[in-house]
Structure formats: structure tokens, C-alpha cells
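Student: sequence first, predicted model second:
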Amino acid sequence: MLWVATVATMAQQNPPLPVDPKVRTGKLENGLTYYIRNNGLPENRADFYIAQKVGSMQEEDNQAGLAHFLEHMAFNGTKNFPGKSMLNYLQDNGIKFGTNINAYTSFDETVYYMTNLPTTNQNLMDSALLVLHDWSNAIALEEEEIEKERGVIREEWRTRGGAQQRLWDQLLPKMYPGSKYAKRMPIGSIDVINNFKPEEIRAYYHKWYRPDLQGIIVVGNVNVDEMEQKIKALFSPIALDPERPTREYYPVPDNKEPIVAIATDTEARNTSIMMFNKHDPMPEELKNTQAGYLTQYILNAAASMMNQRFAEMIQKPDAPFTSAYAYDGDYFVAKTKDAWTVVAGSAEDKIKDALAAMVRETERVKQYGFTASEYEVARTNILKGYEDAYNNRDKQRNSAYSQEYVRAFTDGEPFPGIEFEYQFMQAVAPNIPVEA
């Protein structure tokens, strides 16, 4: 079999994936990573991101909520932009808070961004870089502003982000027994929010916001050489503490018996059922290799075939669920455990039927796999997707590249470029049989 021969060859050689040559990447001596790409859509616009490999998982119990609180404080004064002057300056230049200026805190990362900035305004472009610099290591964290922000966070905590966040509050302790993920919702603890001392959040900031855990992403109508020199000049002087703590990724234990987690909320508008078959994630050393890329292709093809079966089931009048799809990826919020995941929407009186169908279809695939005709459809659709992306490669918007490079930094995802991906998959995918 040609595919067996191909796998055997890759096991011996397993060539690394290239890095998209249209992206300028580098790492400063202090550990900061950067990604710069010239792109013309939208015209004369650019995106600026700083991604941090830091989130609520870096908190101790007595710090629960500081990562999210710190994200808020980034907009309440920095070394070069005291008070609200940063937001005022950006909004005076048409960059709207909440739309073009924003941030989010998750379990394992915090990301700040400014998007759609006019590149014709050089002062604004330079100021955007300075904002990223200040977010990286010069947030003011003044006591008066901290006290003001407690009220904002209290209100967020009171509403808890609506039904979804309250459901997650119930689910995570049940889904992650014995893991730190069980008690690290980014919104944190109201007791911590009310009572932490200013020096505690400052200590957290200086401990974790550091260049070896930070990535700068700039995409748009920019001169790549000039932008690289500016990043080097601005960020190289930031010192990296030689006695810094190790950034740990916390494990998710396996379970001998099935875990059942049920959550309810009076404001929940529908019923969702999730079924996870947990497994270890792809090893880091495999992610950026050709074998790793083909493994991901096989998983995507399997999900596509499963989803086609679900789509056909939903068309029947006695369908057990209103929607259903499958994918392979993170085990819900965890970076250290993956899962083959099936998600379905169900009417309240058909929950048992929906769950039974999810289990039945998953077991059928385990026992019998997919048919050659199902695989041919999935492979054709996947290759068509690559072809469309290749043919429209000059029409990609800045946001698509910016988010791709954020994932590359935070999750180690490869970015070989659509030219390589298209040619590689056109050459290799036709030789991968359904048995793979």
C-alpha cells in the first residue's frame, strides 16, 4: 500500500513543515516572539496583537480572578498613557473600544488587540506599538484605579456572563476532578476581587507578564523591515528575570469510569449534550511536521464523515436531535488533554434518545469505520476547501492571519502557508485510503 509506505518513510524522516515565507518571525534575546506580515485587505489598515501564554491557570487559590482583573487594568493607565488617555487617543482616531480595541482572558492565555488601524497615520501606528509595549510590562496598576475597577468586576461577577458562564461553573468541577481546571474560571472569586491588596496584583503582573511568554503580531499594510526594527528597538530592552518561575501546563487525569456532568440554569434557552472520548494531545514535537499535518487531515476527514451522517439523520422526521456535529480537539477548555467530541442539541423530551444516538453512531464508527464513498466525498470537499483558499489567497483579511498567528504562538499550531498546504495535500491526500 502506498500510504503504508508513505507513513513508514515519514516515521523515519518526518520532515518539518516550513514556516510561511510571507511571515517575518523572530525571537528576541529576552525571549519575546514576533510575527509580521504585509497584507492588503482591508486596504491601508493593520492589526496589532500581544498574546500572553498566561491565564487563570497561573493563579493560586488566593489569586482567583487576578488574571482577568489585570486585563481590565490594562485599559486604566500605563507608563506612557496615564489614566484613560490611551482609550481617548485611540477613539479620537476612530478606533472604537469594544470593537477595534479589546482583550480577553482565558484559562491558558490572555490576548490584547487593536484592529483596523489606518496605516496612513504613522503617529498612530507608532503609538499602537507603544501601547503593546506598555501592556507587556508597563501597566500602571495605580491603587485608585484598582479600587474603581473592583466595582466593574463585581457587576460582571454578579451577572456571571449569563447562563453559559453559570452552566460552566457547574460543569467544570465535575468534568475535571483532580485537575486545576476544575476551579479556574477566569471570572475568579468574588472574595478575592473584593479583598486582594494592590501589591498582590502587581506581583502577579511582574511574575507572569514577561517577554518569554509574549508574542507580538502585526498584520496589514506595513513595511515588514521597518516594523521588525521598531519591534526590536522597543521590546529588546525589556529584561527577562533569570530567576523566573516555570510556566506549567497542568494535567487532566484520565478516569476509569465515565464522568457524568449535568448543569441547569433557568435562563438556558436550549438543551445541549456533549460526549467526550478523551485522549492525549498530539506531542509538541509532532505538531509542526508533515506526519502531524496528515494526522490532523485524517481527524478532520473523520469529523466530516461523521457530520455528514448526522446531517442525514436530522433530515428524518423522527430525528433524535435537532443538531449534531463532531470534531477532535481540546477537551473542552483544557490544553493538556484532547477529546473526540460529539455535540448535539435536543428537545427536552428526547434527551435520552439523542444521547443514545450519539453513543450508537460513535460505536458504529469504532467498529466498522467509514465507507469508501463517504471518504471520497469528505476528501473531495477538504481538497476543494484547500483549492478555494489557494485561489483566494490574495483576498485574505488581516483578521484571519492575525488570529492564525495568535494560535501559532499560544497553541503551537503550524502555519506553513496556503501555497505549501495546497500543493502538499493535492499530492498526498489522494494516496491516503479510507482505512487510515
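Tutor: That came in fine, so what should we check first? Numbering: from 1, shown residues only.
Student: got any ranges where the stretch 101-250 of the chain has weak pLDDT?
Tutor: Residue ranges of the stretch 101-250 of the chain with pLDDT under 70: 160-161.
Student: at 80 instead, please
Tutor: Applying pLDDT under 80 to the stretch 101-250 of the chain flags residues 158-161.
Student: what about the helices in it?
Tutor: Along the stretch 101-250 of the chain, the segments classed as helices by DSSP state H, counting those that start in this stretch run 122-137, 143-159, 163-175, 190-195, 198-208, 224-235.
Student: to Ile351, which of the ones you listed lies closest?
Tutor: helix 163-175 (15.3 Å; Cβ to Cβ). Just so you know, the C-beta spots here come from the backbone N, C-alpha and C atoms, and that holds for glycine as well.
Student: how about the helices of the stretch 101-250 of the chain, which one is nearest Asp92?
Tutor: For Asp92, the closest of the helices of the stretch 101-250 of the chain is helix 122-137, at 9.9 Å, according to Cβ to Cβ.
Student: quick check: buried residues in that closest one?
Tutor: Neighbour-count burial for helix 122-137, with 16 or more other Cβ atoms under 10 Å as criterion, is recorded at 124-125, 127-137.
Student: would you mind finding the most buried of the helices of the stretch 101-250 of the chain?
Tutor: Stretch with highest mean neighbour count among the helices of the stretch 101-250 of the chain: helix 122-137 (a mean of 19; mean count of other Cβ atoms under 10 Å).
Student: export the helices of the stretch 101-250 of the chain as CSV, with columns for distance to Ala354.
Tutor: Shown next, in CSV, are the helices of the stretch 101-250 of the chain (distance: least, Cβ to Cβ, whole Å):
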stretch, distance to Ala354
helix 122-137, 44
helix 143-159, 30
helix 163-175, 18
helix 190-195, 36
helix 198-208, 42
helix 224-235, 51
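Student: now for the ones you listed, which one comes closest to Phe48?
Tutor: Phe48 lies closest to helix 122-137 among the helices of the stretch 101-250 of the chain, at 4.6 Å (Cβ to Cβ).
Student: now that closest one: how far from the chain's centre is it?
Tutor: 23 Å (Cα atoms, centre = their mean, to the nearest Å).
Student: tell me what angle it forms with helix 224-235.
Tutor: Interaxial angle, helix 122-137 versus helix 224-235 (axes from the mean of the first three to the mean of the last three Cα atoms, to 10 degrees): 40 degrees.
Student: residues in contact with helix 122-137: which ones?
Tutor: By Cβ atoms under 8 Å, 6 or more residues apart in numbering, the surrounding residues in contact with helix 122-137 are 32, 46, 48-50, 74, 78-81, 86, 89-90, 93, 95, 112, 114, 117-119, 209-211, 214, 216, 218, 222, 230-231, 234-235, 238.
Student: now, of the residues you listed, which are buried?
Tutor: Among the contacts of helix 122-137, those that count as buried by neighbour count (16+ other Cβ under 10 Å) are 32, 46, 48-50, 74, 78, 81, 86, 90, 95, 112, 114, 117-118, 209-211, 214, 216, 218, 222, 230-231, 234-235, 238.
Student: mind listing which of those are in strands?
Tutor: Using DSSP state E, the members of those that fall within strands are Ala46, Phe48, Tyr49, Ile50, Tyr112, Met114, Leu117, Pro118, Gln214, Ile216, Val218.
Student: now the last one. Nearest residue, chain neighbours left out?
Tutor: Using Cβ to Cβ, 6 or more residues apart in numbering and skipping the chain neighbours, the partner closest in space to Val218 is Ile36 (5.0 Å).
Student: that neighbour bridge partners, please.
Tutor: For Ile36, the beta-bridge partners are Arg24, Val218 (DSSP bridges).
Student: run through the residues that contact it.
Tutor: Applying Cβ under 8 Å, 6+ apart to Ile36 gives the contacts Val23, Arg24, Thr25, Ile217, Val218, Val219, Val222, Val224, Met227, Glu228, Ile231.
Student: since we're on the third one, how many residues are nearby?
Tutor: Looking back up the chat, that one is Thr25. For Thr25, the tally of surrounding residues (other Cβ atoms under 10 Å) stands at 17.
Student: just the pLDDT at it, thanks.
Tutor: As predicted, Thr25 sits at a pLDDT of 98.
Student: measure the nearest residue to it once chain neighbours are set aside to Gly412 for me?
Tutor: Closest residue to Thr25 apart from its sequence neighbours, by Cβ to Cβ, 6+ apart: Tyr35 at 5.3 Å. Separation of Tyr35 from Gly412 (Cβ to Cβ, to the nearest Å): 13 Å.
Student: okay, those two: which has more neighbours?
Tutor: Neighbour totals were compared for Tyr35 and Gly412, and Tyr35 leads with 25 against 13 (other Cβ under 10 Å).
Student: residues in contact with the more buried one?
Tutor: Counting by Cβ under 8 Å, 6+ apart, Tyr35 touches Val23, Arg24, Thr25, Gly215, Ile216, Ile217, Val218, Val219, Tyr405, Ala408, Phe409.
Student: let's see it at 7 Å
Tutor: Contact analysis of Tyr35 by Cβ atoms under 7 Å, 6 or more residues apart in numbering lists Val23, Thr25, Gly215, Ile217, Tyr405.
Student: got a list of what the fourth one touches?
Tutor: Shown in contact with Ile217 (Cβ under 7 Å, 6+ apart): Tyr35, Tyr49, Ala51, Ser402, Tyr405, Val406.
Student: switch the cut-off to 6 Å
Tutor: By Cβ atoms under 6 Å, 6 or more residues apart in numbering, Ile217 lies in contact with Tyr35, Tyr49, Ser402, Tyr405.
Student: out of those, which is nearest to Lys335?
Tutor: Tyr405 (17.7 Å).
Student: just the element for the closest one, please.
Tutor: helix 398-411 (DSSP states H and E).
Student: what does whichever helix or strand comes after that helix contact?
Tutor: Next helix or strand after helix 398-411 toward the C-terminus (DSSP H and E): helix 418-428. Contacts of helix 418-428 with the rest of the structure, by Cβ under 6 Å, 6+ apart, involve Pro18, Tyr386, Ala389, Tyr390, Arg393.
Student: can you check stretch 256-268 too?
Tutor: With Cβ under 6 Å, 6+ apart as the contact definition, stretch 256-268 has outside contacts at Ala163, Arg166, Leu167, Gln170, Leu171, Lys174, Met175.
Student: next, format those as TSV and append distance to Glu147.
Tutor: Formatted as TSV, those follow (distance: Cβ to Cβ, whole Å):
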residue	distance to Glu147
Ala163	30
Arg166	27
Leu167	31
Gln170	31
Leu171	33
Lys174	36
Met175	36
